[in-house]
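Engineer: Give the three-dimensional model of this entry:
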Amino acid sequence: MVRRIIFILILALVLTACGAAATVPPPAAQAPATEAPIEAEATEAPATEAPTEPPVVQPGAVQTVIPQPTATQSLSMPTDTALPTLDLPTEAVNAPAQMVWDGTPTYLGESLPGYSFRVTYDPDLWALTTDQFGFPALAHRQVPACVISVTSGRGLPGNMNVEHDRLDARNITFDVGKVNENGVLKFVTYTGGDGTIITGFQVSFEKLVDECLLDAETVISTLRSVPASQATPQP
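Structural biologist: Numbers count the residues shown, from 1 in each chain. Model (predicted):
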């Protein structure tokens, strides 16, 4: 009987101990205290890291100065530069009615050597002088800027063109070149000879074009050749 009681007590103790152990939940596993959370380390940026994009600066209220339109100045077209006035010798007292201008032909390759050209002029209308380039020339005493000079032809710019004509004077036929610039007559050339010499003249002018050309053709029409030994020295 005593054994049965002791057995019952032991069995009760065993059952009691097993029930208490089953009701107590096992403690949760925790990470070591020294290990830092991985997620926090990955997401937290260091304090010294520069921002990936520059900060956007909002424009302030800056006043923009707009230039006011000004009156447009009209540009004048370039004009021809006036040639310097030629120094004319004083008209000689009791001068002969006709004087001569002798010179070297401008087309030497087509002229016989040893000959000069000669033209005759009225000293009351013309004066033998030098042009702005230092060459002998006849300047009109009464028509300003009317000058007869020697020429051998030259190239012309694109805005100039030449109209050709003829001048029959005695036994000489001159090729006349009327040079126009944008439709305005600028100067006229005369080229011809007497079979011994061939030379060219250029008549320049500014105003009174018809008067200048009429008197100039009167002089040029007297062209003839003379032996160089008989030529009057050039000024």
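Engineer: what residues are up against the closest residue to residue 122 other than its chain neighbours?
Structural biologist: Nearest residue to residue 122 in three dimensions, chain neighbours excluded: residue 98, at 6.6 Å (Cβ to Cβ, 6 or more residues apart in numbering). For every residue, glycine as well, the C-beta is placed using N, CA and C. Applying Cβ atoms under 8 Å, 6 or more residues apart in numbering, we find residue 98 in contact with 120-123.
Engineer: Can you pull out the low-pLDDT segments for the protein?
Structural biologist: 1-3, 12-95, 235 (pLDDT under 70).
Engineer: what do you get if the cut-off is 90, keeping everything else the same?
Structural biologist: Applying pLDDT under 90 to the chain picks out residues 1-97, 131-134, 152-160, 169-171, 182-183, 232-235.
Engineer: all helices of it, in order?
Structural biologist: Here the chain has its helices, by DSSP state H, at 2-23, 38-43, 209-220.
Engineer: Hmm, residue 202 is touching residue 153, no?
Structural biologist: No. Applying Cβ atoms under 8 Å, one finds residue 202 not in contact with residue 153, separated by 9.5 Å.
Engineer: overlap in contacts of the two?
Structural biologist: Counting by Cβ under 8 Å, 6+ apart, the residues touching both residue 202 and residue 153 are residue 189.
Engineer: Which one's more surrounded, the two?
Structural biologist: Per other Cβ atoms under 10 Å, whichever of residue 202 and residue 153 has more neighbours is residue 202, with 23 against 12.
Engineer: Residue 190: how many residues sit nearby?
Structural biologist: Residue 190, neighbours per other Cβ under 10 Å, totals 24.
Engineer: and it, what is it in contact with?
Structural biologist: 167, 174-177, 200-203, 217, 220.
Engineer: Is it possible to mark the buried ones in those residues?
Structural biologist: 167, 174, 176-177, 200-203, 217, 220 (16 or more other Cβ atoms under 10 Å).
Engineer: which residue packs closest to residue 191, ignoring adjacent ones?
Structural biologist: residue 200 (4.3 Å).
Engineer: how far away is the one you found from residue 221?
Structural biologist: The gap separating residue 200 from residue 221 is 15 Å, by Cβ to Cβ, to the nearest Å.
Engineer: Please enumerate the strands of the chain.
Structural biologist: Secondary structure of the chain (DSSP state E): strands located at 99-103, 115-121, 126-130, 136-140, 147-150, 160-169, 172-181, 184-193, 198-204, 224-227.
Engineer: Save those strands as a markdown table, and put in distance to residue 4 too.
Structural biologist: Formatted as a markdown table, the strands of the chain follow (distance: least, Cβ to Cβ, whole Å):
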| stretch | distance to residue 4 |
| --- | --- |
| strand 99-103 | 173 |
| strand 115-121 | 175 |
| strand 126-130 | 168 |
| strand 136-140 | 169 |
| strand 147-150 | 166 |
| strand 160-169 | 152 |
| strand 172-181 | 153 |
| strand 184-193 | 155 |
| strand 198-204 | 163 |
| strand 224-227 | 180 |
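Engineer: Of all those strands, which one is nearest residue 211?
Structural biologist: strand 136-140 (8.5 Å; Cβ to Cβ).
Engineer: what comes up buried for that closest one?
Structural biologist: 136-140.
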